[in-house]
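Enquirer: predicted structure and sequence below. I'll ask about it afterward.
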Amino acid sequence: MRAYLALLVALSIPGYLDALHGLYAFDQPELFQKKSNCKPIPTNLLLCHDIEYTNMRLPNLLGHETMNEVLQQASSWTPLVQKQCHPDTKKFLCSLFAPVCLDDLDEPIQPCRSLCESVKSGCAPVMAAFGFPWPDMLDCRRFPLDNDLCIPPAGADALVPVTKEVPRVCDACKEKPENDNEIVDSLCKNDFALKIKVKEISYMNGDTKIIPETKTKMIYKTNGGVTDHDFRKTVLWLKDGLQCVCDELNDINAAYLVMGQKMDGNLVITSVKRWQKGQREFKRISRSIRKLQC
Amino acid sequence: MDVRMNQGHLLLAVTLIVCNSQLLVVANSWWSLAMNPIQRPEMYIIGAQPLCSQLTGLSQGQRKLCQLYQDHMVYIGEGAKTGIKECQYQFRQRRWNCSTVDNTSVFGRVMHIGSRETAFTYAVSAAGVVNAVSRACREGELSTCGCSRAARPRDLPRDWLWGGCGDNVNYGYRFAREFVDAREREKNYPRGSVEHARTLMNLQNNEAGRMAVYNLANVACKCHGVSGSCSLKTCWLQLADFRRVGEFLKEKYDSAAAMRINRRGKLELVNNRFNPPTGEDLVYIDPSPDYCLRNETTGSLGTQGRLCNKTSEGMDGCELMCCGRGYDQFKTYKHERCHCKFHWCCYVKCKRCTSLVDQFVCK
């Protein structure tokens, strides 16, 4: 009988323990995947949406933590790619704004320092012409000396001649007639003509936004269309400026003759011409315009 | 015969009660939330009450907080996990290396000893919860909190903006205090007893862990100007990397204060020649057990079978790690990726390298 009781205890205890463990254990498989830092590159990330890879790391290599932040900060860099100042501009910028995401690699793929130096030497002068210094966040010392796990400049293989697509020139920036009479003629199609110096250029919704210096000279405005109020805080718009090139606007220090029309409450530029003539020419043109009968 | 049958049943009942007591002791840890994956918060909407009551390791007060703050539980589990991982990193070369023994008691009986190691474990776990909850606030995961509302620092340059979405360290600290300390505050031990001393020790070490995260949070800034310029700079409060918290608490562990309880129910220094501990210091009430040998009573796993470093004279060296018992040496093949190269566009190709390495294991 004693042996029977001992056996009963020995048999009962493990089962009882298992039962209790079952009661307390709450071990179900995790049904929801943890947040991945691999994101598809959105189509509205114009800077990088046609890059050779489709997934990017978030946060990116510039510390942007949300896609909205990436989109907002990347938008001001798209025009630099348009400038074609270096063949690797897009590759370099996208390696930071939308770094490639590889499943089997924990550490990010960075641009090599030589890639950065190469793009910087080509593009820093262009940025400087627009009044922007090469920023700290693109300081080339931040990037690794060339090794097998960083993105190098394009090698000889990548330089196989590909038909280089000539970027479209903005309509407003195409070659214009030099003749006074022709200038006056084209003026009659527009609502205003200004002599401006550029204070600030930015890009919004695919258009170029130009804020002139306060010393804007009014040359001409139509009687019925444009009012003085429109020029109080002048903002000029170049339609689709993000998608085309306007070499005329490269010199941030030059004076420009700008003509345009008022459309939907905005002053839209139809013609940009670098003003290279002297003050006497300006006065002569102004007198001609004042006699104008459109 | 009847009398003997009754005695047998009584013996069985007593045995089972003892086992039940053991289970109650063993299951007594909210750290178990780190070991059992918790469902996403949405799952709590379906029959929320039973899930809280089924979570193992919660005290009665913690279970009530679970019902009130269901969406927080995932992040408490993540915080505990962060704390445990950091503990294992900081003690990776020590005799006691913060090993977990099972999914319910997590660290085992070694936590019943009010040792210096126990002090660190409580502190780093509480810190992990502050960290996880603060971050969850910023990421909009919790319904009762959002971005940090910390005041603008006085020494911030005037033209810098304050107010990006910062980690809500204030909320994380307050919630962690309510949840982690709930277990201690609902106990009612006689004043001046050993159990009371242990409760006070836990409260002090939990607070030290929370304060570490709170004090190490720093100001982070970003440039938002056009084309990467710093014409527009925004700053916010940001959690420090948790490794820094772990290192900070490790230093506190090294300088932890030995305490005992006095008749008035307060902890006092064993050696009053030292400075009294501040709210940010770790305290302990028991000497550390011998971690050299396996001991079921103390919960020590011993160092037999641990890897050690033959050439080191530190704690990870074979002489100290093996407690003078000696070590075995053997060779093993080590396979690893090597010569990795990134190819445009876009993949990384590696070779597979094999090397024969010596390994030293404590006897």
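Expert: Everything's here; your move. Computed from a prediction, not measured in an experiment: that's the story for all the values here.

Enquirer: domain assignment for chain A?
Expert: By the record's domain assignment, chain A is partitioned as A:38-158, A:180-290 (the TED database).

Enquirer: do you know which of those domains lies nearest residue B:197?
Expert: Comparison of the domains of chain A against residue B:197 by Cβ to Cβ identifies domain A:38-158 as nearest, at 44.7 Å. C-beta here means a position set from N, CA and C on the backbone, and glycine is covered the same way.

Enquirer: hmm, the closest one in reach of chain B?
Expert: Yes. Counting by Cβ under 8 Å from any Cβ of the partner chain, chain B is contacted by domain A:38-158 at A:52-53, A:63, A:72-73, A:76-77, A:80, A:100, A:102, A:104-105, A:109, A:127, A:132-133, A:135-138, A:148-151, A:158.

Enquirer: burial count for the closest residue to residue B:191 other than its chain neighbours?
Expert: Among residues not flanking residue B:191 along the chain, residue B:265 sits closest, at 3.7 Å (Cβ to Cβ, 6 or more residues apart in numbering or on different chains). By other Cβ atoms under 10 Å in any protein chain shown, the residues close to residue B:265 number 14.

Enquirer: with residue A:185 instead?
Expert: Using other Cβ under 10 Å, residue A:185 is surrounded by 13 other residues.

Enquirer: for it, give me its contacts.
Expert: If you count contacts by Cβ atoms under 8 Å, 6 or more residues apart in numbering or on different chains, residue A:185 has none.

Enquirer: now whichever helix or strand it is part of: mean pLDDT?
Expert: Per DSSP states H and E: residue A:185 is located in helix A:180-187. For helix A:180-187, the mean pLDDT works out to 69.

Enquirer: what about the strands in the chain?
Expert: Defaulting to chain A. Ranges of strands in chain A, per DSSP state E, are A:38-40, A:55-57, A:110-111, A:150-151, A:192-204, A:207-212, A:217-221, A:236-238, A:255-263, A:266-274.

Enquirer: that's the wrong chain, I meant chain B
Expert: Going by DSSP E, chain B shows strands at B:161-162, B:218-223, B:233-238, B:257-261, B:267-269, B:283-284, B:294-295, B:300-301, B:307-308, B:327-343, B:347-362.

Enquirer: can you redo those as TSV with mean neighbour count and distance to chain A?
Expert: As requested, those are exported to TSV (neighbours: other Cβ atoms under 10 Å in any protein chain shown; distance: least, Cβ to the nearest Cβ, whole Å):
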stretch	mean neighbour count	distance to chain A
strand B:161-162	16	15
strand B:218-223	16	6
strand B:233-238	19	11
strand B:257-261	19	32
strand B:267-269	16	33
strand B:283-284	24	30
strand B:294-295	14	22
strand B:300-301	20	21
strand B:307-308	17	24
strand B:327-343	11	4
strand B:347-362	12	5
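
Enquirer: out of those, which gets nearest to residue A:90?
Expert: Closest to residue A:90 of the strands of chain B is strand B:327-343 (Cβ to Cβ; 17.5 Å).

Enquirer: looking at the residues of domain A:38-158 next to chain B, which are in helices?
Expert: Among the residues of domain A:38-158 next to chain B, the members found in helices (DSSP state H) are A:72, A:73, A:80, A:127.

Enquirer: out of the residues you listed, which is nearest to residue B:315?
Expert: Nearest to residue B:315 among these: residue A:73, at 46.9 Å, using Cβ to Cβ.

Enquirer: list the contacts for the closest one?
Expert: Contacts of residue A:73 were listed using Cβ under 8 Å, 6+ apart, and they are A:62, A:64, A:97, B:224, B:228.

Enquirer: ok, 10 Å please
Expert: Contact analysis of residue A:73 by Cβ atoms under 10 Å, 6 or more residues apart in numbering or on different chains lists A:47, A:60, A:62-64, A:97, A:137, B:222-228.

Enquirer: and residue A:145, by the same measure?
Expert: Contacts for residue A:145 were tallied using Cβ under 10 Å, 6+ apart; they are A:112, A:113, A:114.

Enquirer: most neighbours, which of these?
Expert: residue A:112 (24 neighbours).

Enquirer: before we move on, back to that, hmm, which of the contacts of residue A:73 is lowest in pLDDT?
Expert: Lowest in pLDDT among these is residue B:224, which has 72.

Enquirer: could you find the closest non-adjacent residue to that one?
Expert: residue B:232 (4.4 Å).

Enquirer: contacting residues for that neighbour?
Expert: By Cβ under 10 Å, 6+ apart, the contact list for residue B:232 reads B:159, B:160, B:161, B:222, B:223, B:224, B:225, B:226.

Enquirer: the last one against residue A:78, yeah?
Expert: No. Using Cβ atoms under 10 Å, residue B:226 is not in contact with residue A:78; the gap is 11.9 Å.

Enquirer: nearest to chain A: which residue in chain B?
Expert: The minimum distance from chain B to chain A, using Cβ to the nearest Cβ, falls at residue B:228 (3.2 Å).

Enquirer: neighbours around residue B:190, how many?
Expert: Residue B:190 is flanked by 9 other residues according to other Cβ under 10 Å.

Enquirer: that one and residue B:265 touch, don't they?
Expert: Yes. Between residue B:190 and residue B:265 there is a contact at 8.9 Å, judged by Cβ under 10 Å.

Enquirer: overlap in contacts of the two?
Expert: residue B:196.

Enquirer: and the stretch 51-200 of chain B, which residues reach chain A?
Expert: Where the stretch 51-200 of chain B comes near chain A, counting by Cβ under 10 Å from any Cβ of the partner chain, the residues are B:51, B:53-57, B:74, B:78, B:102-104, B:138-139, B:164-165.

Enquirer: show me the two of the residues you listed that sit farthest apart.
Expert: Greatest spatial distance among these (Cβ to Cβ): B:102 and B:164, at 42.6 Å.

Enquirer: out of these two, which sits in the more crowded spot?
Expert: Between residue B:102 and residue B:164, counting by other Cβ under 10 Å, residue B:164 is the more crowded of the two (19 against 13).

Enquirer: pretty sure that one contacts residue B:150?
Expert: No. Shown here, residue B:164 and residue B:150 do not form a contact pair, counting by Cβ under 10 Å, at 11.3 Å.

Enquirer: give me the common contacts of these two.
Expert: Counting by Cβ under 10 Å, 6+ apart, the residues touching both residue B:164 and residue B:150 are B:236, B:237.

Enquirer: spatially central residue in chain B, please.
Expert: Nearest to the mean C-alpha position of chain B, counting by Cα atoms, centre = their mean, stands residue B:125 at 2.5 Å.

Enquirer: do you know how far that residue is from residue B:242?
Expert: In this view, residue B:125 and residue B:242 are 12 Å apart by Cβ to Cβ, to the nearest Å.
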